[in-house]
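# how would this look folded up:
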Amino acid sequence: MSTQHAEACATGARDYGSIAAVALICEDLAGYGVVLIPPSADEYFERRSEIEQRLWSAHGGPTRVEEEVLDRLSERGSDWAAILVNRAQTAIVNVTYAWSFLDGVGRERPHTFAPGAGTSLLLPFGFDERGRKIHAYWHTIFPGSKRLITADGDWLGDNSDVREPAADEIARGGSGGGKPGHRDGSLRPVKLALDGVFFADGSFAGPNQRKTFEHTVCAAEGYFACAALAREALEMGTTSDDFFRQVRELTGYEEDVRPSAPFHHYSAESPSLDEIRQDEWHFIGWQAHAMRMGPGGEKAAISSVAAWAEAQAPQLHRV
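Have a look, this model is predicted:
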């Protein structure tokens, strides 16, 4: 299958499956330069072919996961994917979006994805300069770059369609989140809607129904609050036990309970700002505690938390 796939992509003769009987609806943020191209658009297959050909020609070919995604798309048809193009002047660093599906009895089932692309640039706490450079290349979408987004939550493509990585940017990666897994093939995708997009300068656009903006702002506030606490502890000579007790009191983190990663467990009801802050700060408290258990020991952990204050985080704001 792999050899046939490579040959098909090289010749542009890949079989994408039939166009869906009901055209996929795409709701993008074209007014902010973030455009979705549905399978019904004239340019869709050309842009998709460009993405797939680059997977086979660059970086030694696609990964096993990328091959599996392409094979699955061939079986399911073109309505299981759309293409996102960044036509803005600034790199995209985070996208929240929702696919809507119809089940066998005609009920609509939405599913929201928040892959966290580029959150290390919005919340660059604990990243060194090289780490930020690598993330800025592999986990963003440059102006002019495009991605193939599947209804399973996979993202294909990288910024090499705009420029090749520099020597200090070379790393294998992509612009999406983790492997989301296969969606039930009996469901039929009927709509893809962008809910929010963060750009590299900290600006945010979109309906924000899933409170992406508030989650990110609350997280930034939590990191800086813990950093201030750590700097005070270093200046005052606070013991490690007292400092981490203060972190637990500040963040509400329970030492023996690892919280779920925030920003990923959505519900039908929109959470309040207090609930979002609690969610984010609990996770930050756990991060600080995990650093305490690291090889550098407690003093090194406190110094690392204090260094969060120096992070070059962008000013987060809505447009």
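# Give the residue spans of the stretch 151-300 of the chain that score low on pLDDT.
172-185, 256-257, 259-269 (pLDDT under 70).
# Tell me where it has helices.
212-236, 240-251, 273-292, 297-307 (DSSP state H, counting those that start in this stretch).
# Let's have these in a markdown table, adding mean neighbour count and distance to residue 41.
Where C-beta positions appear, they are placed from N, C-alpha and C, glycine not excepted. Below are these laid out as a markdown table (neighbours: other C-beta atoms under 10 Å; distance: least, C-beta to C-beta, whole Å):
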| stretch | mean neighbour count | distance to residue 41 |
| --- | --- | --- |
| helix 212-236 | 19 | 26 |
| helix 240-251 | 17 | 46 |
| helix 273-292 | 20 | 36 |
| helix 297-307 | 17 | 47 |
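# Dump those to JSON lines, plus distance to residue 191.
JSON lines is the format used below for the helices of the stretch 151-300 of the chain (distance: least, C-beta to C-beta, whole Å):
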{"stretch": "helix 212-236", "distance to residue 191": "19"}
{"stretch": "helix 240-251", "distance to residue 191": "38"}
{"stretch": "helix 273-292", "distance to residue 191": "26"}
{"stretch": "helix 297-307", "distance to residue 191": "43"}
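# Average pLDDT for the helix or strand where residue 95 lies, rounded please.
Using DSSP states H and E, residue 95 falls within strand 92-102. What strand 92-102 shows for mean pLDDT is 93.
# Whichever helix or strand comes after that strand pairs with which strands?
Stepping forward along the backbone from strand 92-102, the first helix or strand reached (DSSP H and E) is strand 108-113. Using DSSP bridges, the strands paired with strand 108-113 in its sheet are strand 92-102 (antiparallel).
# distance of residue 67 from residue 74?
Remark: distance between residue 67 and residue 74 (C-beta to C-beta, to the nearest Å) = 11 Å.
# cool, and residue 239?
Counting by C-beta to C-beta - residue 239 and residue 74 are separated by 61 Å.
# When the two are compared, which one has more neighbours?
Comparing residue 239 with residue 74 by other C-beta atoms under 10 Å, the one with more neighbours is residue 74, at 17 against 11.
# buried ones in the helix or strand containing the more buried one?
Secondary structure assignment for residue 74, by DSSP H and E: helix 64-76. By neighbour count on 16 or more other C-beta atoms under 10 Å, the buried set for helix 64-76 is 66, 67, 69, 70, 72, 73, 74, 76.
# I figured the fifth one hits residue 156, correct?
To tie it back to what came earlier, the one meant is residue 72. No: shown here, residue 72 and residue 156 do not form a contact pair, counting by C-beta atoms under 8 Å, at 11.4 Å.
# Spit out the residues that contact those two alike.
residue 150 (C-beta atoms under 8 Å, 6 or more residues apart in numbering).
# Would you mind getting the angle between the strand holding residue 95 and helix 212-236?
140 degrees (axes from the mean of the first three to the mean of the last three C-alpha atoms, to 10 degrees).
# Just the CA atoms of strand 92-102, as PDB, please.
What follows is strand 92-102, C-alpha atoms only, in PDB (Å, rounded to 0.1, in the frame of the first residue of the first chain):
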ATOM      1  CA  ILE A  92      -1.400  30.900  13.700                       C
ATOM      2  CA  VAL A  93      -0.400  29.200  17.000                       C
ATOM      3  CA  ASN A  94      -3.700  27.700  18.300                       C
ATOM      4  CA  VAL A  95      -7.000  26.600  16.800                       C
ATOM      5  CA  THR A  96     -10.200  25.400  18.400                       C
ATOM      6  CA  TYR A  97     -12.700  23.900  16.000                       C
ATOM      7  CA  ALA A  98     -15.700  21.600  15.900                       C
ATOM      8  CA  TRP A  99     -16.900  18.900  13.500                       C
ATOM      9  CA  SER A 100     -20.600  18.000  13.400                       C
ATOM     10  CA  PHE A 101     -21.700  14.500  12.400                       C
ATOM     11  CA  LEU A 102     -24.900  12.800  11.500                       C
END
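# quick one, domains of this structure?
2-208, 214-318 (automatic domain parsing).
# so what's the residue found closest to residue 240 once you drop the neighbours it is linked to in the chain up against?
Take residue 240 and drop its neighbours on the chain: the residue closest to it by C-beta to C-beta, 6 or more residues apart in numbering is residue 298, 3.8 Å away. Listed by C-beta under 8 Å, 6+ apart, the contact partners of residue 298 are 240, 244, 292.
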